[in-house]
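> Here is a sequence together with a model predicted from it:
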Amino acid sequence: MARKDYVKTTAPKRRTNNKKNAPQRKPPWLAIAVFAVCALGFIYFLATLPKSSDKPKEEPVAVKPKAQEAPSQHKKPLPAPPKEQWRYVETLKNKTVEVDVPDRPKDETPYQMQCGSFKLEKQAEAQKAKLAFVGMEAQVRHTGDWYRVVLGPYAGRRAAQNDQHKAESKGFPHCAIWPWR
C-alpha cells in the first residue's frame, strides 16, 4: 500500500482587502424617513407653542400695608408653652456612677515567639542573622530534627504580641507565639 502525504505543498491563498469585491451596502431609507418625520413633528410642535408676547401683559397690583390694629376681643391669647415633663437633664448633672472593675489576673506564664523552624542549622542561623539586622535578638534551639528560631522569654502574651507586630512590620509575617517551654 502506498503512503499518502498529507502535508500540502502549496501555500494557502491569501485574502486581499479589495473593496471592489465587497457587496455594496444600501442606505437605510426607513431609518432616514423615521428620523425626518420625527424632526418635522418637533419643528411643528415648536412653531405651534404660544408665544409669550401674544398674551396681554397684566399690570402688577400694588399692595398697601395694613395699619397695625389693636388686639380685638374676639382673638384669644396664645396658650403658655408646655412644661418639660422630663427631668433627666438635672438628674444627670448631679449623678455620679461608680463601677467596680475587677483586677485582671496577672499572666504568670512566660511566652516565646517562634519565627522559623528549619531542618538545617545553617538556615536557622541565617534567619537569626536577619532578625538581628532589624534589631531583634533571637536564639536557635535544637529540638529533635529541627532547629527553631525563638525570641523571648516574654513576661506576658501582650509583650510577645507587641514584638510580633514589630516583626511583621519588618518583614517577618509568620512569627507565632507559644507558651515558654
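Okay, I see it.
> For the one helix or strand in the chain whose mean pLDDT sits lowest, which helices and strands make contact with it?
Lowest by mean pLDDT, DSSP states H and E among the helices and strands of the chain is helix 88-93, with a mean of 78. The contact analysis (3 or more Cβ pairs under 8 Å, 6 or more residues apart in numbering; DSSP states H and E) places helix 88-93 against no helix or strand. Placement of C-beta: from N, CA and C, glycine included.
> after that helix comes which helix or strand?
strand 111-118 (DSSP states H and E).
> For this structure, which segments count as helices?
Remark: helices assigned in the chain by DSSP state H are 29-48, 88-93, 121-133, 157-169.
> Could you tell me how many residues sit around residue 83?
5 (other Cβ atoms under 10 Å).
> Repeat that for residue 107.
13.
> Equivalent analysis for the one 10 residues further on, please.
A count of nearby residues for residue 117, using other Cβ under 10 Å, gives 16.
> who's it bridged to?
residue 148 (DSSP bridges).
> For it, which residues are in contact?
Listed by Cβ atoms under 8 Å, 6 or more residues apart in numbering, the contact partners of residue 117 are 146-149.
> Show me where this structure dips below the pLDDT cut-off.
1-2, 5, 8, 16-22, 52-73 (pLDDT under 70).
> for the nearest residue to residue 142 once chain neighbours are set aside, what are its contacts?
Leaving out its chain neighbours, the residue that sits closest to residue 142 by Cβ to Cβ, 6 or more residues apart in numbering is residue 121, at 7.4 Å. Residues near residue 121 by Cβ under 8 Å, 6+ apart: 140, 142, 147.
> on that earlier part again, quick one: which of the contacts of residue 117 is nearest to residue 79?
Minimum distance to residue 79 across the contacts of residue 117 is 82.1 Å, recorded for residue 149 (Cβ to Cβ).
> Number of residues surrounding that closest one?
25.
> Please report how far the closest residue to it other than its chain neighbours lies from residue 136.
Spatial nearest neighbour of residue 149, excluding adjacent residues (Cβ to Cβ, 6+ apart): residue 116 at 4.1 Å. Distance, residue 116 to residue 136, by Cβ to Cβ, to the nearest Å: 12 Å.
> Looking at those two, which one has more neighbours?
Neighbour count, other Cβ under 10 Å: between residue 116 and residue 136, residue 116 has more, with 22 against 18.
> Would you agree the more buried one is in contact with residue 141?
No. Applying Cβ atoms under 8 Å as the test, residue 116 and residue 141 come out as separate, 11.1 Å apart.
> Now for those two: what residues contact both?
Taking Cβ under 8 Å, 6+ apart as the contact rule, residue 116 and residue 141 both touch residue 148.
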